[in-house]
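Undergrad: After the sequence you'll find the predicted model.
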Amino acid sequence: MKTTLLLSVLCAVMAVAASLTCTSDSCVTDEICNTTISNACQCNKTLYPFVRGSLPSPNFTCTGAKFNIQMSKCWLEVQGYNTSNIRLNGTNSECFAIKEIVDGKYEMTINHSVASSLCNTVPVVNSGNSEVTYSNQLLIFGKTDPIRTTNDVAMKISCSYPLFINVTLNVTLHPVLGTNVINGPAGDASYVAVIAAFKDNTFTIPLSDSDPLTVEDIIYISVSVPALDANTFNLSVLNIYASPTNASDQKYYLLQNGCPASDVSVDQLTVVNNGNGTEARFAMKVFKIASSNNVYLYAELSLCTTNCTTCGPKSRSSDSSDIAGTVSIYLNAGDTYYLDSSSARGFSMPWTFSALIFSWILMKLM
């Protein structure tokens, strides 16, 4: 008798629990409660009539240096799309859309940094060097349940940012420069940062990827955030380092905490201007990383609301961010030898800047 009574109570509790799984509060505004089958919230198909061949039309913006994508979960499902597999052109977890409630409805959303390489975003600087565009693909797949009635969709998406680079870059066919999008100190603004190499100490004649250079030649590096409000912020380059790979596993510092690194020669890197304005400038001797024909030169940036020109750990003001972002240039070269005109036994190593190779003291790699 007790066992029968206990089972009856459990059944009643389960029935009540089932009836509570779907209430007017548990369903979003474009869903209905299916009380006849599963007491589950389901899309209200009367709001989203099926239209053969209808393509997704996501809400897309580029605010906050991110791809911001939003589209109705119910609309997609009614049209035959698989909402569990919507992503950018990559398979990392950061590339996939997630389900979020927006204005009372479920939306599939993606908020992914345009500067991240995880989802295979491709940055391209236009021919006039006035704009950088970050491009990707939004992939939406048809649902197979058990057959597929809707085609997959691949939509091109892109975010463009002005560079405002010195007009002299326009006359150089292939200037050596790199760009990236960084966030402002409050995280509610985005800026394009630019790193470029020049031939002269006036920073007006840019290097191209075919300019010849020799080890110990002096080149000039500019790091700038052209659209930065000079009345509010100053740009400070905290660190500059070289690496033979883009993974940055090996870092050879030229600048640390705004100061020339202590373990490089005094004249290897000279700070011309840093932490006072929207551009930082450096003079650098060309040198080589031993046993490598590749180098990536990185600059880590900070934005200060006060003058931050003094190098060292205290150079950053208390209201500046730690690292707002990083810009880099990729360089590559191979050794070539030629006879020195002063001696039949002498030789030198010419370099092309399509391949700026920085020579590093061998013991650094030992």
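TA: Perfect, thanks for sending it.
Undergrad: Break down the stretch 151-300 of the chain into its helices, ranges please.
TA: Using DSSP state H, counting those that start in this stretch, the stretch 151-300 of the chain contains no helices.
Undergrad: need the strands for it, in chain order.
TA: 153-162, 177-183, 190-198, 212-214, 218-224, 234-243, 252-256, 259-260, 269-273, 279-285, 294-304 (DSSP state E, counting those that start in this stretch).
Undergrad: Report the buried residues of stretch 57-77.
TA: Residues of stretch 57-77 classed as buried under the neighbour-count rule (16 or more other CB atoms under 10 Å) are 58, 60, 62, 64-77. Quick note: C-beta positions are derived from backbone N, CA and C, even for glycine.
Undergrad: Assumed Glu94 was part of a helix.
TA: Yes: under DSSP: H, G, I helix; E, B strand; the rest coil, Glu94 falls within a helix.
Undergrad: Distance-wise, check it relative to Asn111.
TA: 10 Å (CB to CB, to the nearest Å).
Undergrad: can you check Ser72 too?
TA: Ser72 is 17 Å from Asn111, by CB to CB.
Undergrad: May I have the residues that are in contact with the residue nearest the centre of the chain?
TA: Among the residues of the chain, Ala115 comes closest to the average C-alpha position under CA atoms, centre = their mean, at 1.3 Å. By CB atoms under 8 Å, 6 or more residues apart in numbering, the contact list for Ala115 reads Ala65, Thr121, Tyr134, Asn180, Val181, Ile182, Gly325.
Undergrad: Give me the pLDDT for it.
TA: Looking at Ala115, its pLDDT stands at 75.
Undergrad: Same question for the one 4 residues further on.
TA: You'll see Cys119 listed with a pLDDT of 93.
Undergrad: Quick one: neighbours of it, just the number.
TA: 21 (other CB atoms under 10 Å).
Undergrad: who's in contact with it?
TA: Counted by CB under 8 Å, 6+ apart, Cys119 has contacts Arg87, Leu88, Asn89, Gly90, Asn92, Glu94, Cys95, His112, Asn136.
Undergrad: is it fair to say the third one lies in a strand?
TA: Same thing as Asn89. No: going by three-state DSSP, the assignment for Asn89 is coil, not a strand.
Undergrad: Next up, phi/psi of it, please.
TA: Dihedral pair for Asn89: phi -80, psi 60, per degrees, to the nearest 10.
Undergrad: go on, the second one?
TA: Summarising the backbone geometry of Leu88 under the convention degrees, to the nearest 10, its torsions are phi -80, psi -180.
Undergrad: Please apply the same query to the fourth one.
TA: Geometry field for Gly90 lists phi and psi as phi -170, psi 160, criterion degrees, to the nearest 10.
Undergrad: Leaving out sequence neighbours, find the closest residue to it.
TA: Cys119 (3.6 Å; CB to CB, 6 or more residues apart in numbering).
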